[in-house]
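Peer 1: My questions are about this predicted structure, shown below with the sequence.
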Amino acid sequence: MTDLDHLEAELQDLRGRLFSLRSHLDSKLIGQREVLDQMLIALLADGHVLLEGAPGLGKTTLVRAMAQGLDLSFGRIQCTPDLMPGDVLGARILQMEDDGTRRFEFLPGPIFTQILLADEINRATPRTQSALLEAMAEKQVTVHGETRTLERPFLVVATQNPIEMEGTYPLPEAQLDRFMMKVFLDMPDQEALDEILRSTTSLKAEAGPTELTNKDLLRLQELVRQMPVGDDLRSLISATTLATHPNNPRAPTEIKALVRHGASPRGAQSLLLSAKARALLQGRLAPSREDLEAMVGACLGHRLVLGYEAEAVGTDAQDLVRKALSAVCG
């Protein structure tokens with residue numbers, strides 16, 4: 001067998017275990033297959049997710065089920081205006097020893113976990129929101145001058161409610177740019193809602209971990225990084241990212257009129273990794289333009305800084321980046 005044959009065989013074995021996690025999540029969040037796949041893609045690409053949806057749609061259930069299915073540690077932060085950075089990162093406390101001496105001991109905050117749910121992140125103040133920045137970008141936390149590495153894998157899923165805007169703080173561009181993708185959770189259709197009512201209002205057994213282990217997940221993340229990418233696809237991602245900037249010659253008319261600032265290089269990196277992860281999820285050894293078209297909205301849309309006119313009319317940023325891709329493809 002060639003190296004490629006070994007890689008393909010390993011991939012097929014791991015995909016079988018990955019699908020056991022997908023089935024587990026399907027049973028927890030019914031009728032939301034597209035959302036589940038986007039979450040799995042972010043997990044495979046080692047990226048963080050901003051999850052937006054109305055209350056009661058199962059955002060917390062989804063994230064908790066993901067941690068349970070992978071047998072990973074799970075932490076939750078309920079963001080409120082009075083939440084302080086120390087409540088997230090942890091703090092040093094003064095401890096009294098038996099011999100009467102005193103010493104400082106570090107008490108870890110909820111961020112020291114593997115899957116962290118930051119619920120209603122737009123209710124936290126900018127100061128507290130920024131406490132997540134280093135952890136999301138560097139997978140480490142610095143408290144009182146001492147740097148502590150977070151356990152891998154480390155995934156932050158932040159939720160925000162689009163309805164209740166009073167008492168919220170918009171996420172700054174630097175914070176938004178740390179999220180690999182923004183995922184929208186919509187109301188299920190009637191068939192899915194019927195199944196939700198049937199499965200959640202009766203006695204049921206508590207599910208345990210799935211076949212996919214922590215080691216398997218880390219290996220899948222390595223495979224995503226190792227996947228080959230053609231020069232044409234890489235150039236298409238670069239050109240699309242540049243076309244989200246209003247001063248770019250290839251930017252469509254809507255972007256020139258409605259966007260103040262386009263996506264960053266980090267957005268291009270996220271798009272490429274997400275396209276790779278989507279290809280892996282579907283059993284392919286290399287990403288294609290189809291993967292790019294499927295992921296461009298979720299990966300680049302939230303990175304655009306819209307003008308006042310766009311915000312006034314409720315412009316969909318994900319539609320704008322899809323138009324940028326279409327303009328580049330010609």
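Peer 2: On my side now, so go ahead. From a predicted model like this one, the values you see are computed outputs, not experimental measurements.
Peer 1: Could you give the number of residues near residue 196?
Peer 2: Residues near residue 196, counting by other CB atoms under 10 Å, number 15. To be clear about C-beta, it is placed using only N, CA and C from the backbone, and glycine gets the same treatment.
Peer 1: Spell out the secondary structure type for it.
Peer 2: helix (DSSP: H, G, I helix; E, B strand; the rest coil).
Peer 1: Surely it touches residue 31?
Peer 2: Yes. Between residue 196 and residue 31 there is a contact under CB atoms under 8 Å: 7.4 Å.
Peer 1: which residue ranges form the strands in this protein?
Peer 2: Counting by DSSP state E, residue ranges of the strands within the chain are 48-53, 74-78, 90-96, 102-108, 115-119, 140-143, 146-149, 155-160, 179-185, 259-261, 305-306.
Peer 1: Who are the packing partners of the shortest one?
Peer 2: Spelled out, that is strand 305-306. Applying 3 or more CB pairs under 8 Å, 6 or more residues apart in numbering; DSSP states H and E, we find strand 305-306 packed against strand 259-261.
Peer 1: Common neighbours of residue 196 and residue 31, please.
Peer 2: Common neighbours of residue 196 and residue 31 (criterion: CB atoms under 8 Å, 6 or more residues apart in numbering): residue 188.
Peer 1: Where does pLDDT dip in the chain?
Peer 2: 1-5, 163-167, 203-209 (pLDDT under 70).
Peer 1: how far away is the residue in the chain sticking out farthest from the centre from residue 322?
Peer 2: The outermost residue of the chain, judged against the average C-alpha position, is residue 99 (48.0 Å), by CA atoms, centre = their mean. Distance, residue 99 to residue 322, by CB to CB, to the nearest Å: 67 Å.
Peer 1: Repeat that for residue 217.
Peer 2: Distance, residue 217 to residue 322, using CB to CB: 30 Å.
Peer 1: Identify whichever of the strands of the chain lies nearest to residue 8.
Peer 2: Residue 8 sits nearest to strand 179-185 of all the strands of the chain, at 26.0 Å, using CB to CB.
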